[in-house]
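Visitor: Sequence and computational prediction follow.
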Amino acid sequence: MTASRPDPLDPAPSHADPAPTILTVTANPSLDRTLELSTPLTHGAVQRARTALAEPGGKGVNVARVAAAAGVPTRAILPARAGDPLLTALDDVALPYLALPIDGEVRSNITVADPDGTTTKINAPGFVLDDAQARRLAELVLENARGARWVALCGSLPPGLPANWYRTVVDALSNSGCLVAVDTSGAPLAAAVTGRVDLLKPNDEELAEAVGADAAQLSAATARGDHAPLIEAAGQLVERTGAAILATLGASGALLVTATGSWFAAPPPIVPRSTVGAGDAALTGYLIAESRGAAEPERLRTAVAYGSAATALPGTRPPAPEQLDLSHVHVTELTGSPRAG
C-alpha cells in the first residue's frame, strides 16, 4: 500500500499565535547575506570582508522582526519549504511565521556594505510560484488577517505572481476589519494604487514612479529641502487611494502626507552601517505607533527613529526600542491638506 502524501499546499506547522497586531506578507522572501568591507568596494578588485552576516530577510520578514523586537504580537506569512535555511534562521530568532510549502530553496540576496554605510545589493529573482500556490498564499493572508490591526504587504513579487497580486489581496481584505499597508515598487506598486489602501510607503523614486513624476527632480528638491513637489506627488496618491503616504527619504528623513495634513521629520545624528532594511524599520515604527493610538506627527517621529536606528546596525538586524532616539527626531508641520486649494 502506498502511503498518502500530505497536501503540498497545506502550510507547514509553525510558531503561529492567534490574532497578531501586525501580520506581514513576504511573497518573495530571502536569506540576506551581508559583507562589511574595511575599504570601499572597488569594481573588478579582490577584497576581503571584515564581517559576514546571514539573516532572515525580505521586507515583510524585516517588518515582523522589528515588531517582535518591540514586543508587538506579529506573524510573518511567506513561501518556504520545511527545513529551508530561511526557516531555520527564523526559528533561531523565534519569529512567529506561517510558511506555504514550495519545492525549492528560498533565494539568497547579497549586500556589500562600505565603511561609510553605502550599500550595494544584488537580489536574486526568487522561486517561481504557480497559480495554485498563488491562490493558497492569498488564502493564508485572508485566513490569518482576522483580528489583526495591520496587514503589511511588502516587497517584490516572485516570478509567477501577477503584478496585481497585492491589489487583489487588498480588495479581498476590504471587509476584514484590518488596515492594510503596501510597500512595493514597479508594476506591483502601479497596480496597488488603482484602488483604496490605508498606507503606502514609497521612497522618493517610487513616489515619482507611482504618479509619473520626474524622479530626478523630486530627488533634487529633497536635497535642497524643498518639500512642495513631494507633497504634491504624495497628495495625488492620497486623492487616488485614500492612503496615508509615508515617504522615506534616506538620510534626509521622511515625509508623511494624509488627507488632513503633511509633516516632515529630520533624523537624529547616527553613524551609518547599513541602509538595508531601514525603510522596513521605518514602516514598522509607523505601524507600532498607530496601533498604540499615536497622532500622525508621533507616528512619523517613531518611523524615523526606527529607520535611523536600523541604519546604525549591521545587515538587517532589527533595532530594539531602547536603541531609538526619539528626542532628536524633529517633526515639522508643513501644510494642511495637500489637495486643499
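Guide: Alright, I've got the coordinates.
Visitor: The residue nearest to residue 57 when sequence neighbours are not counted: neighbouring residues, count only.
Guide: In this structure, residue 57 finds its nearest non-sequential neighbour in residue 32, 3.3 Å apart by Cβ to Cβ, 6 or more residues apart in numbering. (Glycine included, C-beta is placed from N, CA and C.) Neighbourhood size, residue 32 [other Cβ atoms under 10 Å]: 26.
Visitor: So for residue 32, what pLDDT did the model give?
Guide: Residue 32 carries a pLDDT value of 87.
Visitor: Who are the packing partners of whichever strand or helix holds it?
Guide: Under the criterion of DSSP states H and E, residue 32 resides in strand 30-37. When contacts are defined as 3 or more Cβ pairs under 8 Å, 6 or more residues apart in numbering; DSSP states H and E, strand 30-37 packs onto strand 49-57, helix 85-92, strand 107-113.
Visitor: Neighbouring strands of that strand in the sheet, and parallel or not?
Guide: Strand 30-37 sits in its sheet next to strand 49-57 (antiparallel), strand 107-113 (parallel), going by DSSP bridges.
Visitor: can the ones you listed go into CSV with extra columns for distance to residue 147?
Guide: Below are the strands paired with strand 30-37 laid out as CSV (distance: least, Cβ to Cβ, whole Å):
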stretch, distance to residue 147
strand 49-57, 24
strand 107-113, 31
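Visitor: hey, which of the helices and strands packed on strand 30-37 is tucked in deepest?
Guide: For the helices and strands packed on strand 30-37, average neighbour numbers computed from mean count of other Cβ atoms under 10 Å are highest in strand 107-113, which has a mean of 20.
Visitor: was I right about residue 37 contacting residue 114?
Guide: Yes - counting by Cβ atoms under 8 Å, residue 37 touches residue 114, with 5.8 Å between them.
Visitor: Make CSV out of the helices and strands packed on strand 30-37 and add distance to residue 163 and mean pLDDT.
Guide: Below are the helices and strands packed on strand 30-37 laid out as CSV (distance: least, Cβ to Cβ, whole Å; pLDDT from 0 to 100):
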stretch, distance to residue 163, mean pLDDT
strand 49-57, 22, 89
helix 85-92, 24, 94
strand 107-113, 19, 90
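Visitor: out of those, which comes closest to residue 320?
Guide: Smallest distance to residue 320 across those (Cβ to Cβ): 15.1 Å, for strand 49-57.
Visitor: same for the next helix or strand along the chain from the closest one, what does it pack against?
Guide: Using DSSP H and E, the helix or strand that follows strand 49-57 in sequence is helix 59-69. Here helix 59-69 touches strand 22-26, strand 74-79, strand 150-154, helix 278-291, going by 3+ Cβ pairs under 8 Å, 6+ apart.
Visitor: Pick the most buried one from those.
Guide: Across the helices and strands packed on helix 59-69, averaging neighbours per residue (mean count of other Cβ under 10 Å) puts strand 22-26 on top, at a mean of 31.
Visitor: tilt between that strand and strand 74-79?
Guide: 20 degrees (axes from the mean of the first three to the mean of the last three Cα atoms, to 10 degrees).
Visitor: pLDDT on strand 22-26, on average?
Guide: 98.
Visitor: so how far is that strand off the chain centroid?
Guide: Chain-centre distance of strand 22-26: 9 Å, with Cα atoms, centre = their mean, to the nearest Å.
Visitor: what are the pairing partners of that strand, and which direction each?
Guide: When DSSP bridges is applied, strand 22-26 pairs with strand 74-79 (parallel), strand 150-154 (parallel).
Visitor: What ranges in the stretch 101-250 of the chain fall below the confidence cut-off?
Guide: For the stretch 101-250 of the chain, no stretch is flagged by pLDDT under 70.
Visitor: try 90 this time
Guide: Applying pLDDT under 90 to the stretch 101-250 of the chain flags the ranges 111, 113-119, 121, 123-125, 215, 217-226, 250.
Visitor: need the strands for it, in chain order.
Guide: Along the stretch 101-250 of the chain, counting by DSSP state E, counting those that start in this stretch, strands occupy 107-113, 119-122, 150-154, 179-183, 199-200, 244-248.
Visitor: need those strands in TSV with distance to residue 136, can you?
Guide: Below are the strands of the stretch 101-250 of the chain laid out as TSV (distance: least, Cβ to Cβ, whole Å):
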stretch	distance to residue 136
strand 107-113	20
strand 119-122	29
strand 150-154	16
strand 179-183	19
strand 199-200	26
strand 244-248	30
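Visitor: And the helices in the stretch 201-341 of the chain, which stretches?
Guide: 204-211, 215-223, 228-241, 278-291, 296-311 (DSSP state H, counting those that start in this stretch).
Visitor: Tell me the spacing between residue 127 and residue 217.
Guide: Separation of residue 127 from residue 217 (Cβ to Cβ, to the nearest Å): 37 Å.
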